[in-house]
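Asker: Structure here, sequence nowhere to be found:
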């Protein structure tokens, strides 16, 4: 399923011994063509992991024929040795698949500073190649999990073509890519240039608006590969819509599986002067630990919402802001309005709406609450 | 002590019934002269509480003769009614002390959106005025506490003159003023212009570098009043040094009393291209929930330090960063160096040093770890 739902792809997921638990930890996705168009976006973090440094070179010509992904170690801040490991993994994939290493995207996830055994990785690639199958998408999705509690997969169908996706990520979710690895496949015929346009449009309103804990990762990668195996060339708008649907679906799966979260929070900023300002305001709220802790405590503390709004440069009148929580307008014109006691925050899904009264743009940013379990999971992660 | 240690000041702290516990909740500080020079800095939050809106007008002429402070309600987002309450409190202080209301700074702290009883506040001012004494500093410091576990006071002596201070603040500590109210007094002869210069220099390296939880408050106010009662005019450098000492001492008291914290963390960025860039990098680390949760778990997770550095625009080579934790250089040239297992993070005080190798500027930013208790306290605050 998922990434192997579109025609022209094979995948596998195997245990290469990188995870001490013996769980699957290495995934391989191969585009069998006939076309090999691709597009990729990477983390905006300036401290990039070795696989990102490698893959940035790979994607430049718009051709990607395989993606190899490992969990159990991020291969970040591991120096020249780490980069050589990434390179060796790409060469091994190339050798087994019969392609060039420069067409192999490498992704790693796990602890920073941890050097994985190169031998384990190379042996894992051999196993993964042997295990490749046209229905290996599920195994691949499982192999890239770290603190994820479930694997994330998605398929959207167009007329005669499909888009499939898999994702990992459960914390360190922040803009300019939530921390995550995502591979998306399609059997539609789409040029590399169109894939790039569509992917940037899709990630801008999905992964880029997920801000689980404000922390930006060093390894984020989203790669889309088009095999053209369906022989059908969709309109760019139709394809972009399907791709956006896949990205949004996967983003919501990431949000729901965020480490330790009790609530998924959709912060919608309306009547902003621009979409950018709506996102800026939404993100400032999404990053307020005080607001996030209040939601954990089922406390409709709208003062913490406005205190966050006030830290932005967006256009608004501080004396004329409206705030609703789960549909109850607890604040109108920057003063108390409906009784906060009528806001029921016990359901997992929480909505916050802020009306800036400064224009007609809007945007939604998604985040989670700040919980005891988040603190626990992130204080114990490497111990 | 504290604010009443310098000559020319009287203070008091009384219970005005704003706190449901019956604890002291209203403080009054009066400068009895002969001089009434002052300087004040306010929160940079664009959503400012009514007392800040009022006090911004008060301080414009450099003359402040009294500061009245209440806990038990921030009087923020309480509309015209709230502003009128602030105004009425200033008028009442003016009437009792025999000065003009436009020389009365008003500060409030507590829950946003809560409208305090104006009658309680005005009656409290009457009581506070009746209780004014030359050794009322301790009572005043107690009356401004909210979630503070201890009152914060400090005195620094110059030759023949003193500087005293009190502060409140225990969470929502962020730049452009940690959430807090601070009153500083001195009996030195210092002009309003010099006070302003000295205060901005002192807060820049103290309160402005405290970033407990990244949340900027709506009520922050730091006021310094000079009575000139000592008759001594110190050099501006000497005075600035004493004032900086008071601000730093109070800032460290705020840091140590931050809600739910288990560790005080000093993040020092060295060899930055500029002091601003050193602060930017320090603050980005101070705001990483992942880093802060790791410290709570006594986990020297330097990868999370570098991942934060990478989100800044400061000058550095991502492949050549050094990181020390509690003096152990766990990362050199962006690769693992000394064994993180040798870092003992059990003491409360933690130091993180990041060497950017891009210049010779440095700065220290202080923060706390992210704990279960922080989440608990801030999810239960208004419940």
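Answerer: Perfect, I can see it now. Since the model is a prediction, treat every value here as computed from it, not as a measurement.

Asker: quick one: whichever residue of the stretch 1-150 of chain A sits closest to chain B and residue B:302, what's the gap?
Answerer: Evaluated by CB to the nearest CB, the stretch 1-150 of chain A has residue A:112 as its residue closest to chain B, separated by 2.5 Å. (Glycine included, C-beta is placed from N, CA and C.) In this structure, residue A:112 lies at 8 Å from residue B:302, with CB to CB, to the nearest Å as the measure.

Asker: Equivalent analysis for residue A:336, please.
Answerer: Distance of residue A:336 to residue B:302, given as CB to CB: 45 Å.

Asker: Give me the more crowded residue out of the two.
Answerer: With neighbours defined as other CB atoms under 10 Å in any protein chain shown, residue A:336 and residue B:302 compare such that residue B:302 has more, 28 against 19.

Asker: My guess is that one contacts residue B:326. True?
Answerer: No. Under the criterion of CB atoms under 8 Å, residue B:302 makes no contact with residue B:326, lying 11.4 Å away.

Asker: Provide a list of residues in contact with residue A:92.
Answerer: Residues counted as contacts of residue A:92 (CB atoms under 8 Å, 6 or more residues apart in numbering or on different chains) are A:121, A:122, A:125, A:126.

Asker: Need the three-state assignment for it.
Answerer: Using DSSP: H, G, I helix; E, B strand; the rest coil as the criterion, the local structure at residue A:92 reads helix.

Asker: Residue A:206 and residue A:251 touch, don't they?
Answerer: Yes. Between residue A:206 and residue A:251 there is a contact at 4.3 Å, judged by CB under 8 Å.

Asker: In terms of helices and strands, where is residue A:323?
Answerer: Element membership for residue A:323, per DSSP states H and E: strand A:322-325.

Asker: near chain B at all, that strand?
Answerer: No. Contact check for strand A:322-325 against chain B, using CB under 8 Å from any CB of the partner chain: none in range, with a minimum separation of 9.3 Å.

Asker: Please name the residues that touch residue A:335.
Answerer: Applying CB under 8 Å, 6+ apart, one finds that residue A:335 lies in contact with B:77, B:78, B:79, B:81, B:82, B:113.

Asker: which of these sit farthest apart?
Answerer: Taking CB to CB as the measure, the contacts of residue A:335 span a maximum distance of 12.0 Å, between B:81 and B:113.

Asker: So between these two, which is more surrounded?
Answerer: The neighbour count for residue B:81 versus residue B:113, taken as other CB under 10 Å, is higher for residue B:113 (26 against 12).

Asker: doesn't residue B:79 make contact with the more buried one?
Answerer: No. The criterion here is CB under 8 Å, and residue B:113 misses it with residue B:79 at 10.0 Å.

Asker: Spell out the secondary structure type for the residue of the stretch 1-150 of chain A closest to chain B.
Answerer: Of the three states, residue A:112 takes coil according to three-state DSSP.

Asker: so who does the nearest residue to it once chain neighbours are set aside touch?
Answerer: Ranked by CB to CB, 6 or more residues apart in numbering or on different chains and with sequence neighbours excluded, the top spatial neighbour of residue A:112 is residue B:303, at 2.5 Å. Each residue near residue B:303 by CB under 8 Å, 6+ apart is listed here: A:74, A:76, A:77, A:111, A:112, A:113, A:218.

Asker: quick one: secondary structure of the second one?
Answerer: Same thing as residue A:76. Each residue gets one of three states, and residue A:76 gets coil by three-state DSSP.

Asker: Need the phi and psi values for it.
Answerer: phi -120, psi 140 (degrees, to the nearest 10).

Asker: Please apply the same query to the fourth one.
Answerer: When read as degrees, to the nearest 10, the backbone of residue A:111 gives phi -70, psi 140.

Asker: Run a quick neighbour tally on it.
Answerer: Under the neighbour criterion other CB under 10 Å, residue A:111 is assigned a count of 16.
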